[in-house]
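# Pasting the sequence and the predicted coordinates here, then a few questions.
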Amino acid sequence: MNGLEDKLRGLSLARRSRPEEPTYLLDVALQPTGLLAVTCSDFTIHLHNKDTLSLVGEHRGHSGPLCGVVFSHASPDLLYSGSADGTVRGWDARRPGTEAAQIFKSDPSHSYCSFDLSCGGTLLCAGTEQVNDEDSFLVFWDVRKPGAGLLGAYSESHSDDVTQVRFHPRDKDRLASGSTDGLVNVFDLSRGAEEEALLATCNSDSSAGSVCWSGADYTRLLCLSHDEGLHLWDLGQLDTDEPLTLFSTSDARSLTPLADGGSVDYLVGGRWLEEAQKLLVVAGMNGGNLHLMECDGGGLRPLRSLEGGHTSTVRCFLWDAAEEALVTGGEDAQLLLWKPGGEGLTAGKRSMKSESALRLKSRPHKKHGYQREKKAAKTASEDTES
């Protein structure tokens, strides 16, 4: 049994937090000095103590669905959030309840569905939804000059919603982007213009949902699609004749047999665990149980199941390497802390608020379903007009 399995085997439920007003918990970020930032489907950002999960405060200001949250690597008290309202906002995490300290915008027609901050802490990138039925943009700002406007934009590399932008953990100029057009692109921003900056294009053959840098030198990319496909590419092979694809499947659920003979219902996401040198993929069941798996060129291998915590779909997670703990959040409005020697809390009560009411505040878990509905409605409208 390897070290990662030993760590995961010791996890049990230690803390539970649930807001007074039930909302979906969509994304979570960790501040090294002790805070968790959680985006909610009511457009708020909740700040929690990472050890007790107690609510410290919140930030309000966005008027549309949030597409992520991240703490600055250079200034950990600075927190950034992106939104479909067409803004990326910077907050002072030391002053919950105050207005945004920085606001970044691009064209008024832009609605953001992804964003990230470079490892150097100076460059912001946001990915837009499709504009004018054909254009999608990657837009860039320098956080040191919030009033200076855009640094620039890329417009040729994607033709549909840019669902993920992810900066390299060590190279401030390396950026990966994924889209519902099925493409995952890798850029070297130091080369300037979009055509020269584009290093590689990988095809997921589906709607790309999340992208994760991984591998000992972060030369690998994990892509999870909205219909539960999984692809692992080795960008270290770009200058060789070797294939980039290490592993690929159109439906990872069929490759994850559980002890009872069943399989998982969906994939939550992936994270490279630096200390263990392993790629962790988290999957779940619609009833709330979680399954932790290792991913490499040979596919997926189950490591540990976590039961008795969530009661509905899990939307986000993070691994706290310092505490060797796992934090998860989901559609049951619960934020959970799993750690070695946890108290083994009993399962929480299911939200009394109707599921349909919660769904009004957030897009469905399966973005590609939303895309089909949107385009079907457009086609029907055009047919009616004709």
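That came in fine, so what should we check first?

# can you give me phi and psi for the residue nearest to E195 when sequence neighbours are not counted?
Of all residues not flanking E195 in the chain, E156 sits nearest, at 7.3 Å (C-beta to C-beta, 6 or more residues apart in numbering). From N, CA and C alone the C-beta is placed, and that goes for glycine too. Dihedral angles of E156 (phi, psi; degrees, to the nearest 10) stand at phi -100, psi -10.

# Please tell me I have it right and E156 contacts E194.
Yes - counting by C-beta atoms under 8 Å, E156 touches E194, with 5.6 Å between them.

# what sits in contact with each of the two?
By C-beta atoms under 8 Å, 6 or more residues apart in numbering, E156 and E194 have no common neighbours.

# ok, those two, which is more surrounded?
For E156 versus E194, neighbours defined as other C-beta atoms under 10 Å are more numerous around E194 (17 against 12).

# tell me the contacts of the more buried one?
E194 neighbours (C-beta under 8 Å, 6+ apart): 154-157, 187.

# Strands of the stretch 201-350 of the chain, residue ranges please.
If DSSP state E, counting those that start in this stretch is used as the criterion, the strands of the stretch 201-350 of the chain fall at 208-214, 220-225, 230-234, 245-249, 266-273, 278-284, 290-296, 299-306, 314-320, 325-330, 335-340.

# Distance to L47, mean neighbour count and mean pLDDT for those strands - can I get that in a markdown table?
A markdown table is the format used below for those (distance: least, C-beta to C-beta, whole Å; neighbours: other C-beta atoms under 10 Å; pLDDT from 0 to 100):
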| stretch | distance to L47 | mean neighbour count | mean pLDDT |
| --- | --- | --- | --- |
| strand 208-214 | 24 | 25 | 97 |
| strand 220-225 | 28 | 25 | 98 |
| strand 230-234 | 33 | 24 | 97 |
| strand 245-249 | 38 | 17 | 96 |
| strand 266-273 | 21 | 21 | 97 |
| strand 278-284 | 23 | 23 | 96 |
| strand 290-296 | 24 | 22 | 95 |
| strand 299-306 | 25 | 18 | 92 |
| strand 314-320 | 15 | 22 | 97 |
| strand 325-330 | 13 | 24 | 97 |
| strand 335-340 | 11 | 22 | 96 |
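
# you'd agree L138 is up against Y154?
Yes - using C-beta under 8 Å, L138 is in contact with Y154, at 4.2 Å.

# Specify which residue of those two has the higher count of neighbours.
Set L138 next to Y154 and count neighbours by other C-beta under 10 Å: L138 wins out with 27 against 24.

# dump the residue contacts of the more buried one.
By C-beta under 8 Å, 6+ apart, the neighbours of L138 are 125-128, 153-155, 157-158, 162, 165, 175, 177.

# Show me these that map onto strands.
When the contacts of L138 are checked against strands (DSSP state E), the matches are 125-128, 153-154, 162, 165, 175, 177.

# From those residues, pick the one nearest R144.
When those are ranked by distance to R144 (C-beta to C-beta), C125 comes first, at 15.0 Å.

# quick one: that closest one from T201, how far?
17 Å (C-beta to C-beta, to the nearest Å).

# neighbour count winner among those two?
A count of neighbours by other C-beta under 10 Å puts C125 above the other of C125 and T201, at 26 against 11.

# Endpoints of stretch 251-270, how far apart?
15 Å (C-alpha to C-alpha, to the nearest Å).

# buried stuff in that stretch?
Neighbour-count burial for stretch 251-270, counted by 16 or more other C-beta atoms under 10 Å, picks out 252-253, 255-256, 263-264, 266-270.

# out of those, who's nearest V143?
Checking the buried residues of stretch 251-270 against V143 by C-beta to C-beta gives G269 as the nearest, at 25.1 Å.

# just checking, the closest one touches F317?
Yes - between G269 and F317 there is a contact under C-beta under 8 Å: 6.6 Å.

# how much space is there between the nearest residue to L337 once chain neighbours are set aside and A93?
Spatially, and ignoring its direct neighbours in sequence, L337 is nearest to R15 (3.9 Å; C-beta to C-beta, 6+ apart). According to C-beta to C-beta, R15 and A93 sit 20 Å apart.

# again with E5
In terms of C-beta to C-beta, E5 sits 34 Å off from A93.

# returning to what we had before: from the buried residues of stretch 251-270, pick the one nearest A29.
Nearest to A29 out of the buried residues of stretch 251-270 is G269 (C-beta to C-beta; 13.1 Å).

# just to revisit the earlier point, as CSV, the buried residues of stretch 251-270 with distance to L221 would be great.
Rendered in CSV, the data for the buried residues of stretch 251-270 read as follows (distance: C-beta to C-beta, whole Å):
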residue, distance to L221
A252, 16
R253, 21
L255, 19
T256, 21
S263, 25
V264, 22
Y266, 20
L267, 15
V268, 18
G269, 13
G270, 10
